[in-house]
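Student: Here's a sequence, model it:
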Amino acid sequence: MNLQTSIKEINKITAQVAPKFKKLGVSDVEDLLFYFPFRYEDYSNLLKIDEIEPGILLTIKGKIELLESRRSFRKRMILVEAVVADETDKIKIVWFNQRYIQRTLAIGDEIYLSGKAILSDSGLEFHNPTFEKVNKYDKFTTHTARIVPIYSSTERLTQRQIRFTVKRSLSCINFIQEWLPQNVLKDNNLMPLRQAVHQIHFPINLDELEKARFRLKFNEIFLLQARARLIKQELLHLNADKIVFKEKETRKFVNALPFKLTQSQKKSAWEIIKDLGKSKPMNRLLEGDVGSGKTIAVGVAMLNALLNKKQVAYMAPTELLSSQQFSSFCKIFEKYDFTIGLLTRTETKIDTEVVKKKDLIKEISEGNVDLIIGTHALIQDKVSFKDLNLIVIDEQHRFGIAQRKELQDKARNQEDKKDFSPHFLSMTATPIPRSLALTVYGDLDLSVIDEMPKDRKKIETKVVEPHERKGAYEFINSEIQKGRQAFVVCPLIDPSDKLGAKAVKDVFEKLDKKVFKDLRIEILHGKIKGAEKEKIMKEFVENKIKILVSTSVIEVGIDIPNATVMMIESSERFGLAQLHQLRGRVGRSEHQSYCFLFTESDTEATLKRMQALVQSSNGFELAERDLEFRGPGEVYGIRQSGFYDSLKIAKLTDWPVIKVVQTEIEKMFKIDPDLVNYPEIKEKIKDFERGVHLE
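Tutor: Next comes the predicted model:
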């Protein structure tokens, strides 16, 4: 047996459960050894029967003196009852609806029993304890008398079956190769990898379990950060075209804006411009709160690329956002002689003119389109570029790594540009704490816009009680009578009895037919086709539609300055970061704006989250809170980055581990920036990339 041995080949028992393991992504012994428990039961407290106290988690060892089953007439279930004795006393055991126990155990068997005793009318009893026969040939217990692992499972795959199979596989631990250098292990007092894998499954005590956890977390965070640094290092071997800073034209552009840039916008724009002026490709992440003005900061950088006669590609995650940004940049650059194209699944335009897709693609390939804005359509095979030098990815965590790489590769495939890489700028409106950003996006330099435009009024946010709903509707109506507009957002498109959350179609019916009968209301969601979506948004922009009932499709980048009310149904279904994004769709003009949070839940946790949103308008602060409530995968869209699911044991909030790893990575890359002397680490990074499904 070795690491590649299939689960079904371990023995006859595991052959039967192999299909169930496959549902968990476990096919062979290596998968199994790296399928870590998610929690533990501490059954290591071994007591004599006369020492038992009710309600305490413990284990006893004794001999079965009586074992019988009977049917409970009152509850119509099978009861298996036993009496177990040691040298100090006896205790009654009851198992409910576990008929197999009578076939498994027999009078005279010596067993371990783990669980909590209860005090019944007839004295202390164990109900449904975990049991395990004493094996005189194997002192290594599996299910009792130790810290017992609990694994995520699937239907009809029991914890006993998982533990049994893991234990059978432990003999293969010696095939696991240590890949971290000895000096790293020694300097950080790290447990050897083989020992860590053994202890994570069957720890001898809590101290050893913590050491195993730390080592395995270290591995995962190390691979994330080492991979990011290696990508950063590889970029130094590539060349980019210098984009010369057009100072005079840039000043003129900025001075002509109808508003004044914040210091934060200026700083970020300057960091980007300085990178563009280098002969090595920029690889930067621009992070800023919703409404902080990232688009215009990027516009300043794009202006310089375009003035240098270089092609720019701007990729957005949705057709709606692509279309909106196309309109924005057409307006921003209306005084310049730039040709701007829009390429999505349903829309193809050059400037204001609708063109055939094949004609647009031809114009792009011949270099006749300067700025190309689009969705995933930009990376389809037919699209090629003449002189693509700057790529901007909006809401970059919504794209897979491979998709981003495809766009970069298109630039590298340009004529005579094999060692070339375009400048690359990512944007996100989801604030990410700096230490987390360095871990997840460690290959990117970071620019942060952390202040809001001075003329922005704080959006008044309120949790609306069920009895206040009518008053909220009246308030929305009063805003519309003043000439304003409103968004109503729901988590679902269609009604779902199971989820019990509000759906767009239901809410639209109610508002349209009963509440706001005299107002024009429209519906918007992901299933509506592009042309229809564009028509609805155009009419909403023109104030022909007064209320837009939508899913979170309007979460990012939609800019309707006249909208002053955001009403969110079933708000408990959204995370704080997403609610903050939705709230940011209003408050974009001099008019006072409002956000109403309706909830189907009154639990303490829900109300706590909602109050956090009421009290704070700072996206970075809310991101930290959301991290506490929900975890990084949901908060930051890191699931889409391809790496979130690769973290089997580490969390992106394991600051002590992250800090230690960062120090180690700095030391290692300072001495050997290309990891020439660490082939094992480079091979492990390749394995890691293959394992996280970058498509």
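
Student: Ala411 versus the residue nearest to Ile493 when sequence neighbours are not counted, what's the distance?
Tutor: Distances taken as C-beta to C-beta, 6 or more residues apart in numbering place His525 nearest to Ile493, at 4.7 Å, with adjacent residues excluded. C-betas here are computed from N, CA, C, even on glycine. Remark: distance between His525 and Ala411 (C-beta to C-beta, to the nearest Å) = 34 Å.

Student: and if you look at Ile671?
Tutor: Noted for Ile671: a distance of 32 Å to Ala411, by C-beta to C-beta.

Student: More neighbours: which of those two?
Tutor: Neighbour totals were compared for Ile671 and Ala411, and Ala411 leads with 24 against 9 (other C-beta atoms under 10 Å).

Student: Wait, the more buried one touches Phe420, no?
Tutor: Yes: using C-beta atoms under 8 Å, Ala411 is in contact with Phe420, at 6.9 Å.

Student: Show me where the stretch 251-400 of the chain has its strands.
Tutor: For the stretch 251-400 of the chain, the strands defined by DSSP state E, counting those that start in this stretch cover 283-288, 311-315, 340-343, 348-350, 353-354, 371-374, 388-393.

Student: how far does the second one sit from the chain's center?
Tutor: Going by C-alpha atoms, centre = their mean, to the nearest Å, the spacing between the C-alpha centre of strand 311-315 and its chain's C-alpha centre is 26 Å.

Student: neighbouring strands for it, and are they parallel or not?
Tutor: Using DSSP bridges, strand 311-315 pairs in its sheet with strand 371-374 (parallel), strand 388-393 (parallel).

Student: Among the ones you listed, which comes closest to Ser264?
Tutor: Of all these, the one in closest proximity to Ser264, counting by C-beta to C-beta, is strand 388-393 (18.5 Å).

Student: And the strands in the stretch 501-650 of the chain?
Tutor: 521-524, 547-550, 563-568, 594-598.

Student: Indicate which one of those strands is closest to Pro54.
Tutor: For the strands of the stretch 501-650 of the chain, distance to Pro54 was read as C-beta to C-beta. The smallest value, 44.3 Å, belongs to strand 594-598.

Student: Can you tell me the strand partners of the closest one and which way each runs?
Tutor: As assigned by DSSP bridges, strand 594-598 forms pairs with strand 460-464 (parallel), strand 563-568 (parallel).

Student: ok, residues contacting that strand?
Tutor: Strand 594-598 is contacted by residues 459-464, 469, 472, 475, 479, 502, 564-571, 579, 582-583, 586, 610, 613-614 when judged by C-beta atoms under 8 Å, 6 or more residues apart in numbering.

Student: redo that, cut-off 6 Å
Tutor: With contact meaning C-beta atoms under 6 Å, 6 or more residues apart in numbering, strand 594-598 is reached by 459-464, 472, 565-569, 571, 583, 610.

Student: Now flag whichever of these is closest to Val298.
Tutor: Closest to Val298, out of all of these and judged by C-beta to C-beta, is Arg583, at 22.5 Å.

Student: Kindly state the beta-bridge partners for the residue nearest to the closest one when sequence neighbours are not counted.
Tutor: Here the nearest residue to Arg583 in space, its sequence neighbours aside, is Cys595; by C-beta to C-beta, 6+ apart that works out to 4.4 Å. Listed beta-bridge partners, Cys595: Thr461, Met566 (assigned using DSSP bridges).

Student: same thing with Phe487?
Tutor: Note on Phe487: beta-bridge partners by DSSP bridges are Leu548, Met566.

Student: Please report how far it lies from Ser552.
Tutor: Note on Phe487: its distance to Ser552, by C-beta to C-beta, is 11 Å.

Student: Between the two, tell me which one has more neighbours.
Tutor: Between Phe487 and Ser552, counted using other C-beta under 10 Å, the more crowded position is Phe487 (24 against 18).

Student: for that one, what are its contacts?
Tutor: Contacts of Phe487 by C-beta under 6 Å, 6+ apart are Leu548, Ala563, Met566, Arg585.

Student: Now for the second one, how many residues are close by?
Tutor: Taking other C-beta under 10 Å as the criterion, the count of residues near Ala563 is 27.

Student: in the sheet, who's paired with the closest residue in space to Lys349 that isn't next to it in sequence?
Tutor: Spatial nearest neighbour of Lys349, chain neighbours left out: Leu342 (4.2 Å); criterion: C-beta to C-beta, 6+ apart. Under DSSP bridges, the beta-bridge partners of Leu342 are Lys349, Ile373.
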